[in-house]
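Asks: Generate a structure from the sequence data that follows.
(chains A and B, ligands or ions: 2)
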Amino acid sequence: MDLIIDIIKILFIFTLIMGVFSPILGWVERKQSALMQDRVGANRADIFGFTMIGLFHPLADALKLMTKEDFIPQGANKVMHTIAPFISFVPALIAFAVIPFGGEYIIHGKEINLVIADLDVGLLYIFAFASLATYGAVIAGWASNNNWSLLGALRASAQMISYEVAMGLTIIGVFMVYGSLKLTEIGAAQEDFFKWGIFLQPLGFVMFLAAAIAENKRIPFDVAEAEPEIIAGYFLEYSGMKFIMFWMAEFIEIITISGIVTTLFFGGWNIPFVPTATLISFFSSLGDTWANIITMLIHIGVFFSKIIFFIWLQMTIRWTLPRFRYDQVMKLGWKILLPLSLLNIFVTGVVILLFKK
Amino acid sequence: MAIGIVKVKRNVKMTFWERSYIPEVLRGIAITSRHFFINLVGFIPAILFGKERKIFTVYYPEERVKYPDAYRGRPILVLGDDGVEKCVACGLCERICPAFCISIQPAETELDKERYPETFTIDQSRCIVCGFCEEVCPKEAILMSQDTEIADYDRKKMLYRKEDLLVAEKDLRMRQAYVRGAFARWNY
Ligand code: SF4
Ligand code: SF4
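Replies: Ligands and ions are numbered 1, 2, ... in the order given. Take a look at the predicted model:
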């Protein structure tokens, strides 16, 4: 029974991310940038004359990239070149395993916890896999036997290692406030609106978002790709399905970042001012099981609406800000984010000491 | 002395507010998201009430902009109102063409003009649409059209023969008027 529930949860998350979110993000990226720049955007791919405001473009992309030649450049390390996209793709996907997309519900006397793996070290697991993704970029750049790729890989490794430090330290404030590394517990602790992470750790939120976007190597921190400078950086020599995997990895990481930010700073699945108990008692006329099921569905909806908001925010940032110079990225990471996050830990510690008896 | 390190004096004076970056980032995001939301709902009046779109993108193959009269598309030959091409095969256009893309085979005719081009070929793959041929022609027999869609898969198809080039004079009044206005001051 437990196994079936787990499989259902895994399938749900997997289809939602791979089948719904990441193809649609390709469309969102095009359409949103178009709207922000007063353009029309992708609307040419059609099936029997229906363009569906450009929703067929991801389909066309997939078809095109699948039928393309899978090219491995001369002198490239074939094995490394082949496994690099998987190394950057898989960690991005499985990081979602520890993010809770709902609380705990009792359905038919059975307790259902809406998280695939409720690890005690949930956040450390995410960091561990986020740093694994660095290898994908580095190996891809090195194995391609191309100067630009190597430059991109060097930049990617330097940048990601720098920002890993800042990202890890910004999160420590959150641990201190909630006293747990378990993401389900952090989520449950935010049932009260004024206990949301954004109120307790506002500086931590801004810095975490910056560091997370830098980890994902998206504009304004995309020095590792930097089309005008080093063409496309580490995945320059990739084509076809392998290219699509880098592409998907980036999109999935956007979703994962949104999930982490939602869980840590924006109350996870909780609705402001509406505790779970209130919601269940509101539907209690339908019987206990149905009240729990409806509450669960509402919470899942709320969680994914928050995720959609953060995806929108990241896209807006990506299409608003220009790219930093490489030295600026490094300066921001080491000279600003790192001291600020240490300061954040210090202030949080002092406040906890003073106000907790 | 360290070689080649020049400190560029940029003439940008930023206030502390601007240098702290985050407020300015928020301002930028506010601007872009304002455009985003305006455009997000902006298409609704266009669909419902047929109002004019705010976005000025032209859906190219379905919609076209009207080119100004001065626009130079591919050159065409004028078919006079009497059903005969105006060209007298004088060869001036062939001579002036900087891309050497016109080739004319003149022949004699019983008509008033005495000479006519037996073949008149423009290699459209070489034409640079400069308009010299139009300017030099003494008979207003070759004019620049508004047609720009001359791409093709085969170079042989880019050779436009006389039959492909002829356009009735009545469709060319606009360009004719423009040419007369533009070149009148040189008193041809
Ligand atoms: S437009 Fe210029 S290049 Fe083209 S045929 Fe006339 S003279 Fe030659
Ligand atoms: S200059 Fe005019 S008249 Fe002379 S050959 Fe060319 S088109 Fe014909």
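Asks: buried stuff in the helix or strand containing A:T262?
Replies: Element membership of A:T262 [criterion: DSSP states H and E] is helix A:240-265. By neighbour count on 16 or more other Cβ atoms under 10 Å in any protein chain shown, the buried set for helix A:240-265 is A:242-265. (Glycine included, C-beta is placed from N, CA and C.)
Asks: likewise stretch B:75-86?
Replies: By neighbour count, with 16+ other Cβ under 10 Å as the criterion, the buried positions of stretch B:75-86 are B:P75, B:I76, B:L77, B:V78, B:L79, B:G80, B:E85, B:K86.
Asks: and what of stretch B:120-133?
Replies: Residues of stretch B:120-133 classed as buried by neighbour count (16+ other Cβ under 10 Å): B:F120, B:T121, B:I122, B:D123, B:Q124, B:S125, B:C127, B:V129, B:G131, B:F132, B:C133.
Asks: The nearest residue to the last one once chain neighbours are set aside - how many residues pack around it?
Replies: With Cβ to Cβ, 6 or more residues apart in numbering or on different chains as the measure, B:C93 is the residue that lies nearest to B:C133, at 3.6 Å, once sequence neighbours are left out. For B:C93, the number of neighbouring residues by other Cβ atoms under 10 Å in any protein chain shown comes to 24.
Asks: Quick one: mean pLDDT over the helix or strand where B:L143 lies.
Replies: Mapping B:L143 onto the secondary structure by DSSP H and E places it in strand B:142-144. Strand B:142-144 shows a mean pLDDT of 90.
Asks: Help me confirm that A:A211 comes into contact with A:L337.
Replies: Yes: applying Cβ atoms under 8 Å, one finds A:A211 in contact with A:L337, separated by 6.2 Å.
Asks: which stretches of the chain aren't confidently modelled?
Replies: This is for chain A. Regions of chain A meeting the criterion pLDDT under 70 cover residues A:357.
Asks: you looked at the wrong chain, it should be chain B
Replies: In the prediction, chain B carries residues with pLDDT under 70 at positions B:1-2, B:43-55, B:185-188.
Asks: Please identify the residues of it in proximity to ligand 2?
Replies: Listed as neighbours of ligand 2 in chain B under the rule Cβ under 6 Å from any ligand atom: B:87-93, B:104, B:136-137, B:139, B:141-142.
Asks: change it to 8 Å
Replies: Residues of chain B lying close to ligand 2 by Cβ under 8 Å from any ligand atom are B:77, B:86-94, B:102, B:104, B:106, B:117, B:120, B:133, B:136-142.
Asks: Point me to the residue of the stretch 251-357 of chain A nearest ligand 2.
Replies: Sorted by distance to ligand 2 under Cβ to the nearest ligand atom, the residues of the stretch 251-357 of chain A start with A:W319, at 51.9 Å.
Asks: should've said the stretch 51-200 of chain A
Replies: Of all residues in the stretch 51-200 of chain A, A:T51 sits closest to ligand 2, at 45.0 Å by Cβ to the nearest ligand atom.
Asks: show me the contacts for the closest residue to that residue other than its chain neighbours.
Replies: The shortest distance from A:T51 to any non-neighbouring residue, by Cβ to Cβ, 6+ apart, is to A:N43 (5.1 Å). With contact set as Cβ atoms under 8 Å, 6 or more residues apart in numbering or on different chains, A:N43 has these partners: A:T51, A:I53, A:G54.
Asks: What separation is there between the first one and chain B?
Replies: Taking Cβ to the nearest Cβ, to the nearest Å as the measure, A:T51 and chain B are separated by 11 Å.
Asks: ok so, going back, what helix or strand does the residue nearest to B:C133 sit in?
Replies: B:C93 belongs to helix B:92-96 when assigned by DSSP H and E.
Asks: Can you give the contact residues for that helix?
Replies: Identification of contacts with helix B:92-96 by Cβ under 8 Å, 6+ apart yields B:I102, B:S103, B:I104, B:F132, B:C133, B:V136, B:C137, B:P138, B:I142.
Asks: List the contacts of the helix or strand immediately after the helix holding A:T262 in the chain.
Replies: Where DSSP H and E defines the elements, the next helix or strand beyond helix A:240-265 is helix A:276-282. Contact partners of helix A:276-282, identified using Cβ under 8 Å, 6+ apart, comprise A:G103, A:E191, A:N270, A:I271, A:A291, A:N292, A:T295, A:I298, A:H299.
Asks: can you do 10 Å?
Replies: By Cβ atoms under 10 Å, 6 or more residues apart in numbering or on different chains, the residues outside helix A:276-282 that reach it are A:102-106, A:188, A:191, A:269-271, A:274-275, A:288, A:291-292, A:294-296, A:298-299.
Asks: can you tell me the residue of chain A closest to ligand 1?
Replies: When Cβ to the nearest ligand atom is the measure, chain A has its nearest residue to ligand 1 at A:R44, with 31.9 Å between them.
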